[in-house]
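**Student:** Next comes the sequence, and after it the predicted model I'd like to discuss.
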Amino acid sequence: MATLFLDLETYNETPITVGTHRYAETAEITLFAYALDDAPVAVWDLTEGAAMPQPLHDALGDPAVTLCAHNSAFDRTVLRHRFPQLALPVSRWEDTLVQAYAHSLPGALDELCFILGVGRAETKDMHGHNLMLMFCKPKLKDGVAIRASRHTHPGAWERFKRYAGQDIEAMRAVKKKMPTWNSQGAELTLWHLDQTINDRGVLIDTDLVCAAIKTVTREQKRLAAAAKDGSGGAVDSLLQRDSLLKHILTAYGVDLPDLQAATLERRINDPTLPAELRNLLAQRLQACTSSTAKYRALHKAVSTDGRLRGTLQFNGATRTGRWAGRLFQPQNLPRPTLKQTDIDNGIAAMKADVADLLAADVMALASNALRGCIIAPPGHKLVIADLSNIEGRVLAWLAEEDWKTDAFRAYDQGKGHDLYALAYAKAFGVSPQTVMDNKNHGDGNMRQIGKVMELALGYGGGVGAFLTFAAAYAIDLEALGEQAWAQISPAIRLQTADAWDYAQERGTTYGLSERAWHTCDAFKRLWRNAHPNTTVLWLALEGATKRALSLRGSTQACGKLAVRADGAWLRIRLPSGRCLCYPGAKLDGGKVSYQGVDQYSRKWTTLHTYGGKLVENAVQAISRDLLAANLQPVEDAGYRIVLTVHDEIISEAPDDPRHHHGQLAALMASNPPWAPGLPLAAAGFETHRYRKG
């Protein structure tokens, strides 16, 4: 099958930061670079007024020709707006950016060229970026938009055309060098569905967006004025981090390490700080809520028909293949802190421009209302369902922790106990009913500890992981240490004492008291004792990975997984047939290393991994595959998917009894053929305005 490689250059006064779909509505195509298979690259200059070249017209019109672009969503969407008569179906497209993400490579074309060793003659001209800035958007001069063109800069324009052609050559070169394990067959079909969902988009309540921006802007000004007045004019802006930190140090002698939310929340509740300082920190916390940026992003990115498109990046979490959020980041919406009735009333108040009369904390209200910007179109409803505790279920199934998979099934049938209660009961040797009695008639600490244990300890995590999740659920570890110590057996206490000495040597006590640290370490050991097969899986997968790297070309079985290293690639085959990919993998001083993007520096570098982390990658990838496996059946049943958020599907369906959340949940909880015996469950609800279930 022939492949047409293509790349568009465009001009638009609207910035690309508004998102592809909003940008494409007013974009002008200036250059159209293309090549059929390995044929020489041609560039059609649309600014000259010439008709589309016949070879290009024939290739676009031939349904047997595959269309390939780098970040094809941009080219495909612009083409649909500029040449609607071409009617190029999504099913004809392939994408080298998506192919890169599918194999844990970065998406930028120049980075791919460098990593894959594509020669300079085949790579992008490094001057091309400056030419793109010159010809693809206007330059402001004295407030007037000035456009550069082939008429104003003929020499640079010719170089720009050559640059457009080099993009095609780079794309062809990297496509040949990248593997295709995860970008063909079912995964390619899944990406085509993903593109359909992105093109469909979600309907946005633009009245709410505008009202929220107005409300938030006014509140920020009020907070800034209050801060300035309260500081005697020393604080000009709550948004200027460095000057605010300097003022706090100078005026109060308090040296804060940063102004992150966790730091502010902790110090706001510190009674030793002066009241005026705590008030200033509270004002900063309110002023810097992420809702402001998200509402503005929504306002800019919504298409003229009121729908927001392009919010999902397929394989955006490049290691596991999960979807990542784009534009207003629907994957990272803040958790609600208000009751839903208060949120609904607050939305009405913001629309009526009286939010300050209803809410004591207007910024918190705006943050809570973000989900509500997504609404159902007339005559429809949002039908929403979420896979229940999917990572916990997958981990138990993968590790063959049979007591736990049986417990999930019993719970789903209404015969068993809540799994967080069961986790605590199993670790401490008490009955699950004791934990539930504590939840219903006591302080609820037992179940809460069980929840933190489940979330923090499944992938080899220790005290640090427990501390992180305990903070998220507002568990006071110092108080917990005093309360729980008596329940811990002498044998476990002895083990934690030895570990404490080692932690002190390494400096990993995390600022905890000895008793609190001992307690967290004890919880870790109790959880592992209750999950013997899971702890074996961490060691087994790390061992299989090291054997595969030592014996390249051989497949090492590890339960439901298989590990293999070929050339520079390490792969862990998942039950679905998809692979976790680790480029540049090798044994480095007995440790497993690979090449990847550092989550902090965002640079391509050498990373290290271990058994627990490999299991975490596998569990999250399998969880993604379970969601993906049922997307098409959900669509076929009449639920038009408009968004996925983690393990949740948001769909539009006719507002009638035939479509309901029970049916959607049942579809989502259907086991694919490759996951027999995995206990799946889902739950959902119906609404006309998106909310947390």
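**Tutor:** Arrived safely, thanks for sending.
**Student:** so where does residue 643 fall, helix or strand?
**Tutor:** strand 640-645 (DSSP states H and E).
**Student:** centre of the chain versus that strand, how much separation?
**Tutor:** 14 Å (Cα atoms, centre = their mean, to the nearest Å).
**Student:** again with stretch 32-40
**Tutor:** Relative to the chain's own centre, stretch 32-40 is displaced by 35 Å; criterion: Cα atoms, centre = their mean.
**Student:** would you say residue 94 is within a helix?
**Tutor:** No: secondary structure of residue 94 (DSSP: H, G, I helix; E, B strand; the rest coil): strand, not part of a helix.
**Student:** Report how many residues lie close to the closest residue to it other than its chain neighbours.
**Tutor:** Nearest non-adjacent residue to residue 94, counting by Cβ to Cβ, 6 or more residues apart in numbering: residue 68, 4.5 Å away. From N, CA and C alone the C-beta is placed, and that goes for glycine too. Residue 68: 23 surrounding residues under other Cβ atoms under 10 Å.
**Student:** before we move on, what about residue 415?
**Tutor:** Applying other Cβ under 10 Å, we find 9 residues neighbouring residue 415.
**Student:** cool, and residue 582?
**Tutor:** Count around residue 582 with other Cβ under 10 Å applied: 28.
**Student:** re the thing from before, quick one, grab the pLDDT at the residue nearest to residue 94.
**Tutor:** Note on residue 68: pLDDT of 98.
**Student:** roughly how far apart are it and residue 183?
**Tutor:** 11 Å (Cβ to Cβ, to the nearest Å).
**Student:** Likewise for residue 350?
**Tutor:** 44 Å.
**Student:** Could you report the distance from residue 310 to residue 23?
**Tutor:** Residue 310 sits 10 Å away from residue 23, going by Cβ to Cβ.
**Student:** no wait, residue 208
**Tutor:** In terms of Cβ to Cβ, residue 208 sits 23 Å off from residue 23.
**Student:** just residue 558 next, same as before
**Tutor:** 46 Å.
**Student:** pull the CA atoms of the helix or strand harbouring the residue nearest to residue 94 into PDB?
**Tutor:** Assigned by DSSP H and E, residue 68 falls within strand 66-69. Only the C-alpha atoms of strand 66-69 are listed here, as PDB (Å, rounded to 0.1, in the frame of the first residue of the first chain):
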ATOM      1  CA  THR A  66      -2.300   5.900   3.400                       C
ATOM      2  CA  LEU A  67      -1.800   9.500   4.600                       C
ATOM      3  CA  CYS A  68       1.000  10.100   7.000                       C
ATOM      4  CA  ALA A  69       1.900  13.200   8.900                       C
END
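**Student:** what's that strand packed up against?
**Tutor:** Strand 66-69 sits against strand 3-11, helix 72-82, strand 93-95, helix 154-177, with contacts defined as 3 or more Cβ pairs under 8 Å, 6 or more residues apart in numbering; DSSP states H and E.
**Student:** which residues sit against that strand?
**Tutor:** For strand 66-69, contacts defined as Cβ atoms under 8 Å, 6 or more residues apart in numbering pick out 1-7, 60, 75-76, 88, 92-96, 171, 175.
**Student:** List buried residues within those.
**Tutor:** Among the contacts of strand 66-69, those that count as buried by neighbour count (16 or more other Cβ atoms under 10 Å) are 3-7, 60, 75-76, 88, 92-96, 171, 175.
**Student:** any idea how far the residue nearest to residue 94 lies from residue 411?
**Tutor:** With Cβ to Cβ as the criterion, residue 68 and residue 411 are 47 Å apart.
**Student:** ok, now residue 422?
**Tutor:** Taking Cβ to Cβ, one finds residue 422 at 8 Å from residue 411.
**Student:** From the neighbour counts alone, determine which of these two ranks first.
**Tutor:** residue 422 (24 against 19).
**Student:** pLDDT averaged over the host helix or strand of the more buried one - what is it?
**Tutor:** Taking DSSP H and E as the criterion, residue 422 maps to helix 419-428. Per-residue pLDDT over helix 419-428 has a mean of 85.
**Student:** Now the element after it, going C-ward?
**Tutor:** Moving toward the C-terminus from helix 419-428, the next element (DSSP H and E) is helix 432-441.
**Student:** what's the helix or strand that comes right after that next one in contact with?
**Tutor:** Using DSSP H and E, the helix or strand that directly follows helix 432-441 along the chain is helix 445-457. By Cβ under 8 Å, 6+ apart, the surrounding residues in contact with helix 445-457 are 392, 418-425, 427, 434-436, 438-439, 465-466, 468-470, 473, 475, 480, 483-484, 523-524, 526-528.
**Student:** low pLDDT regions in the protein?
**Tutor:** 120-126 (pLDDT under 70).
**Student:** can I see the domain layout of it?
**Tutor:** Listed domain ranges for the chain are 3-178, 204-372, 376-390+626-687, 402-530 (source: automatic domain parsing).
**Student:** related to what we said a few turns ago, residue 350 and residue 183: who's more crowded?
**Tutor:** residue 350 (27 against 21).
**Student:** Disregarding residues adjacent in the polypeptide, which is nearest to the more buried one?
**Tutor:** residue 211 (4.5 Å).
**Student:** What is the neighbour count of residue 635?
**Tutor:** Burial measure for residue 635: 16 neighbouring residues, criterion other Cβ under 10 Å.
**Student:** Pretty sure residue 505 sits in a helix.
**Tutor:** Yes: counting by three-state DSSP, residue 505 falls inside a helix.
**Student:** so where do the helices sit in the stretch 251-400 of the chain?
**Tutor:** 261-268, 275-287, 291-301, 340-351, 355-358, 362-368, 390-399 (DSSP state H, counting those that start in this stretch).
**Student:** Enumerate every residue touching the closest residue in space to residue 278 that isn't next to it in sequence.
**Tutor:** Taking Cβ to Cβ, 6+ apart, and ignoring the residues beside it in sequence, residue 278 has residue 268 as its nearest neighbour in space, at 5.2 Å. Taking Cβ under 8 Å, 6+ apart as the criterion, residue 268 is in contact with 278, 281, 282, 285.
**Student:** rerun that using 6 Å as the cut-off
**Tutor:** 278, 281, 282 (Cβ atoms under 6 Å, 6 or more residues apart in numbering).
**Student:** Ok, residue 21 next?
**Tutor:** Residue 21 touches 77, 303, 309, 310, counting by Cβ under 6 Å, 6+ apart.
**Student:** Could you identify which of these has the most neighbours?
**Tutor:** residue 309 (25 neighbours).
**Student:** Leaving aside the residues adjacent along the chain, what's closest to that one?
**Tutor:** Using Cβ to Cβ, 6+ apart, the closest residue to residue 309 is residue 201 (3.4 Å).
**Student:** where's that neighbour relative to residue 195, distance?
**Tutor:** Residue 201 sits 12 Å away from residue 195, going by Cβ to Cβ.
**Student:** One more: residue 33?
**Tutor:** According to Cβ to Cβ, residue 33 and residue 195 sit 22 Å apart.
**Student:** what do you get for residue 487?
**Tutor:** Counting by Cβ to Cβ - residue 487 and residue 195 are separated by 53 Å.
**Student:** The two: which is more packed in?
**Tutor:** A direct count of neighbours by other Cβ under 10 Å for residue 487 and residue 195 places residue 195 higher, at 22 against 15.
**Student:** A helix includes the more buried one, no?
**Tutor:** Yes: counting by three-state DSSP, residue 195 is located in a helix.
**Student:** which residues sit in contact with it?
**Tutor:** Residue 195 neighbours (Cβ under 6 Å, 6+ apart): residue 90.
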